[in-house]
Each structure stands twice: as structure tokens, then as C-alpha cells.
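>>> got a structure for you, letters missing:
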């Protein structure tokens, strides 16, 4: 999509630039120079024009970043397809107009804005704030970096119409993002994404005041919510503290890494709120640093390769448990030292099992005689079904949603509106919503709850690994094998999934087997097909905006292939379950699952044929 109709001429005194041999591209160049006031990005554009780098100019100017339910996430740099001052201004203008149309009380309730420690995050937050302030909309602008979950919490606590968090979470250092929350404290869902995108496209030309950020310092409508939110968040967090006396006397020490992000100061306060021992920080990674100098990827989900320094710190201090947040502190990774001296990094599904067991344990401890018919746990469709197994045995409710906390947060909100109690929502990508203080994943609350659980188990001389085994013995052994491939070519990804839908060249035909493993059911949430249902229609919502196919094998394996909404990845998620008392061994189930995965990857994804880049480490 072009950046906009109409060609803006160069500003007064603008030197003439040579044509690049493409009239439409020349127009986009003139338009950028007419709108952009930042010399750094203007200079990049001029150099590309002088070099006649047509391919790069088309890539940067010929299409816009797509605004979706995840907001924006892209590389920072010059161009309509990247994150920069001009595209943030355009986004904020469109978002303002959409909110003005949607919320008559916007000028009363206002907007909350937070930002992480990445390059330009504070600048993008201030540009957004300035645009809203000039429209006489109250803005609660955090005065310093904050965790992502503080923004959805603030939306609810302050009664705002919406929220913006400037973050690219765990993406590479070159990226940034713009995450939007609705007035219910959850991420936006359709049709708001489409409405905001259309409003952005209708408000592309910067308004006269849109570059002014000085208003953030001088306007009485601009407030810093940090103090109020800190006090309220940690006060509310204490509602999930169930064993304070044990926390005070425990000998367990926790090693913590912020992965060069925002988390440390906020985790320190969380541990104080639970009366837990002081954290042992990974000194090399505790200070916010947008360069992420000690890790290849600032993502604790990558496992041991991202936790090397944390393990070294833990060994040095005889600490047996590591807690790790991603840079915006909305995810949690956990590792535990084993008796043989090795480290076990728990998967997101394993942590979901532990937190699910603990949430139920604590609820039942506090409500020994209460009926659990209004109690719920939630997981995304690509996550382990362990919560469903716990729910069936303990007689509470389980709900499955599409992938992403926008679905789980909004589902939790819907249940709460009906007077229901939501104990936990989780996704296998180490995202956990413990309770409903925050209707999004929250690595701060998840880490302190996990720490309390660890200390309580330690009092019984039980490790996290041992407790996980007990959970599986009680509710069934659930084993998963998840990973991804990187693919930067959208056409290749489309061909891969189209091949699965036109198996053996026949439109509408899916594979009936993968090697020797027979496929029982196919659910395609892109095409709207599910042959496990009488009418072949899936229960979960469908969308052609992304690729997602689930295969259920006759041996019980469930495998989902999908594209990422925020990264150039093709992901796969697989799980097999051995019910309690079913016979067989966990090792045999894991071995069979691995064999299915290898066959599925080779036959359906074809990494060599499609030039896919395997996950490193």
C-alpha cells in the first residue's frame, strides 16, 4: 500500500534530488521529504536517492507497516514500512481520531502510555503523548521505563479509554513496537484493528503541532502515574501471596536476570511485597541496555543459550533456581539445578502445569468447601492441554482460545463480567496471566508467585522438577516438542501452507498421513475447515490474515503449524498425553512424539526445499 495519495513538494529551500527513474517512487520521495522533519531519516533517504538504490527505496517507501491486533512491530529506520518519528506520528494521529469517534468521554478518561528501554521508545511515547495533549486529551505518561503489564493494569486502575506500550518485547535490538490496549485492559481485537488502520491511513499528513513534544513537560493534562501505579500494583499483587511466613524463613535463593530490560527494579519490589529473600542479580544483564550486548537474542524462551550468564551467577552463589524476564518483563523463564549438576530449563507448558497446579492448590486452600463451578483456567490452542486435565479431575472449568493473550485477556474479561473467577491463563511461549489484576501476560507477578511456590515446595523437600512429575502422575503425562524455522519470504510461506491444502495437487485435500503416522483430523483456522465437527466448521474463530493448521494423529499426537504475528517465523507445536494408569512410559511417549515431529517437519515444512533457517541452539 502506498504511503498516501497526493504528492507533497519539498519544503522551502529543499535541494532538488535526481529522479530514480520511477515516477511513483519519485512522488513518494517528495512526499517523505515534505512530511519528515528529522534530519537523520531525511539524510538516509537523500543518500538512497543519490545512490539510485531503487530496490531499497521501494522496500522502505512503497508499503506501510500493517497495523493489526498486536499493533505495530517492525525495524527502526527511515521509511513508511519502518518505525520512526513520522510513522509514529501518523499512527498516533489515526489512533486519536479513532478513539475520539469511539469514546465520547475520551477527554475525561484519557490515555496511558508506557515505554521500555529500547532505542527511541521514550521518543515514540512522547510523540504520541504530545499529539493527544494537543487534542486536550489527558495523558498518563510514565516518567521512566516500565514493564509492559503496567500499562494494561493502569488502563483499568485509572479508568482510561485506552493504553499504548512502546515495546518490541524480545525482538532483536533493531526493532521496536507499538502495542495498544482497549478500555477493558486487554489487547485490541477485530474490528478495532481494522478501524484504527483505516483511521491511520486517513490521517497521514502530520498536523502542525504533531512534532511538538515540549507540551509533555508543560501541559497540566500530562501526569506521571508511576507512583500511584507502583503502590496500587504491588498492593493488589499481595492478594496472591498465600504463605508469607514461609517466605520469610525460607533458605531458597533466586538468581534473576532482566535480559538487559526493564524488570529488575520492579522484581525487587515484587519480592519485597511477598516478603521473599533478596534476588541475586546477574550483574552483566541487570541494567537496561538497548544493545543487549551479552545475548544473541534477548529472549529467555531460547533456553540455555540465553541463560548462560544466569547459570554462571547461580553457580557462584549456590543458587538452585533462576528466574528470567524478557526485556519488557511480560514473560517468565525458569531454570532449576538438578541433582547431577545440570540445569533444567522448564518449557512454557511445564511452567503452565506448575502454575496451574499452584493456582488450584491456593484457591482450594482458601475455599475448602466452595463449589468450583464458577472457577476457570484458560490456555491457547497451541499450548498444553494439562490445564484441561486438571480441570476435569478437580471439577472446575477450562477454556481454549486462539493463540495470543488478546484472546485470553478478552475471554477472561467476558467471564469476569458474568461473575466468574479466572485463576490462570497461559501460553506455551512462557506467557502467564496469574489472576486477573492484569488482563495480559505479566512476568513480574508470575515470577514472584513461582518463587513462593518454590519456597513452599522446598519446605516439603520437593523440587520444582519433582513436583512437575507429581502433577503428571496425577493428571497425565503431557509431553510437548515445540520449535520454529525462520523464513523471510512471505511467498514461500504461502506456498508451504497452500501445498498442505492441495495435497497431491487436489484443491481442498489435506494429507491423510505423515510418513507412517495416520492423520485423523485436520483443523484449518485460515480456511475455516475442521473435519472433526459434523459440519466441518471450526468452533474457534477463523482468519485469513495468518496461517494456522492443526493435525490430530491417530496415535494421539496433536500438531499445529502456524505463522508468527510479530516475527518472520513458521512455528510448530506438538503434544502427546499418557493418561494416568494407561500403561506405557513417559520415555516411550516422548520418543514417539519426537519421531512424529521429525517426519512432519521433513514432509510438510521441507526446510531444505523451502530454504528455512533452523532455530539456533
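Perfect, I can see it now. All values reported here derive from a predicted model rather than from experimental measurement. Residues are numbered from 1 along each chain as shown.
>>> Burial check on residue 584, number of neighbours?
Using other Cβ atoms under 10 Å, residue 584 has 11 neighbouring residues. To be clear about C-beta, it is placed using only N, CA and C from the backbone, and glycine gets the same treatment.
>>> Quick check, it in contact with residue 578.
Yes - shown here, residue 584 and residue 578 form a contact pair, counting by Cβ atoms under 8 Å, at 5.6 Å.
>>> mind checking how far residue 490 is from residue 547?
Noted for residue 490: a distance of 10 Å to residue 547, by Cβ to Cβ, to the nearest Å.
>>> let me redo that: residue 46
Residue 46 is 39 Å from residue 547, by Cβ to Cβ.
>>> of these two, who's got more company?
Each of residue 46 and residue 547 has its neighbours counted (other Cβ under 10 Å); residue 547 has more, 22 against 17.
>>> What does that one show for phi and psi?
phi -100, psi 130 (degrees, to the nearest 10).
>>> doesn't residue 493 make contact with it?
Yes - assessed by Cβ under 8 Å, residue 547 is found in contact with residue 493 at 6.7 Å.
>>> shared neighbours of these two, anything?
Shared contacts of residue 547 and residue 493 (Cβ atoms under 8 Å, 6 or more residues apart in numbering): 563, 570.
>>> Secondary structure class of the residue lying closest to residue 126 once chain neighbours are set aside, three-state.
Leaving aside its sequence neighbours, residue 126 sits nearest to residue 213 (Cβ to Cβ, 6 or more residues apart in numbering; 4.3 Å). Classification of residue 213 by DSSP: H, G, I helix; E, B strand; the rest coil places it in coil.
>>> Number of residues surrounding residue 213?
18.
>>> Let me see the ranges of the helices in the stretch 401-550 of the chain.
405-417, 443-459, 464-475, 490-501 (DSSP state H, counting those that start in this stretch).
>>> just those: most buried one?
helix 443-459 (a mean of 24; mean count of other Cβ atoms under 10 Å).
>>> roughly how far is it from the heart of the chain?
Centroid separation for helix 443-459 versus its chain: 22 Å, with Cα atoms, centre = their mean, to the nearest Å.
>>> So what's the model's average confidence on it?
What helix 443-459 shows for mean pLDDT is 98.
>>> and the angle for that helix with helix 464-475?
Here the directions of helix 443-459 and helix 464-475 differ by 90 degrees (axes from the mean of the first three to the mean of the last three Cα atoms, to 10 degrees).
>>> following the longest strand along the chain, which helix or strand comes up?
Identified as the longest strand of the chain according to DSSP state E is strand 569-578. Elements were assigned by DSSP states H and E; along the chain past strand 569-578, the next helix or strand is helix 586-600.
>>> for stretch 173-188, how far is the first residue from the last?
25 Å (Cα to Cα, to the nearest Å).
>>> just how off-centre is stretch 250-266 within its chain?
On Cα atoms, centre = their mean, the centre of stretch 250-266 falls 20 Å from that of its chain.
>>> ditto for stretch 516-533
27 Å.
>>> before we move on, back to that, wait, which of the helices of the stretch 401-550 of the chain is closest to residue 231?
Nearest to residue 231, of all those, is helix 443-459, at 14.7 Å by Cβ to Cβ.
>>> Which stretches in the stretch 101-250 of the chain count as strands?
With strands called from DSSP state E, counting those that start in this stretch, the stretch 101-250 of the chain shows them at 111-115, 139-141, 162-166, 175-181, 222-223.
>>> want to try a markdown table for those strands, with mean pLDDT, mean neighbour count and distance to residue 420 as columns?
Converted to a markdown table, these look like this (pLDDT from 0 to 100; neighbours: other Cβ atoms under 10 Å; distance: least, Cβ to Cβ, whole Å):
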| stretch | mean pLDDT | mean neighbour count | distance to residue 420 |
| --- | --- | --- | --- |
| strand 111-115 | 98 | 29 | 26 |
| strand 139-141 | 98 | 25 | 29 |
| strand 162-166 | 98 | 28 | 24 |
| strand 175-181 | 98 | 26 | 21 |
| strand 222-223 | 98 | 18 | 34 |
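>>> Ok, which of these comes nearest residue 426?
strand 175-181 (19.0 Å).
>>> Contacts for that closest one, please.
70-76, 83, 88, 91, 95, 118-121, 124, 148, 151-152, 155, 162-169, 171, 187-188, 196, 440, 566.
>>> Out of those residues, which end up buried?
70-76, 83, 88, 91, 95, 118, 120-121, 124, 148, 151-152, 155, 162-169, 171, 187-188, 196, 440, 566 (16 or more other Cβ atoms under 10 Å).
>>> Return the subset of the residues you listed lying in helices.
88, 91, 95, 121, 124, 151-152, 155, 196 (DSSP state H).
>>> between those, which is closest to residue 449?
residue 152 (17.7 Å).
>>> Number of residues surrounding residue 286?
Around residue 286 there are 20 residues (other Cβ under 10 Å).
>>> ok, it - contacts?
So residue 286 contacts 256-258, 264 (Cβ under 8 Å, 6+ apart).
>>> picking that back up, let me know which of the helices of the stretch 401-550 of the chain is the nearest to residue 233.
helix 443-459 (8.3 Å).
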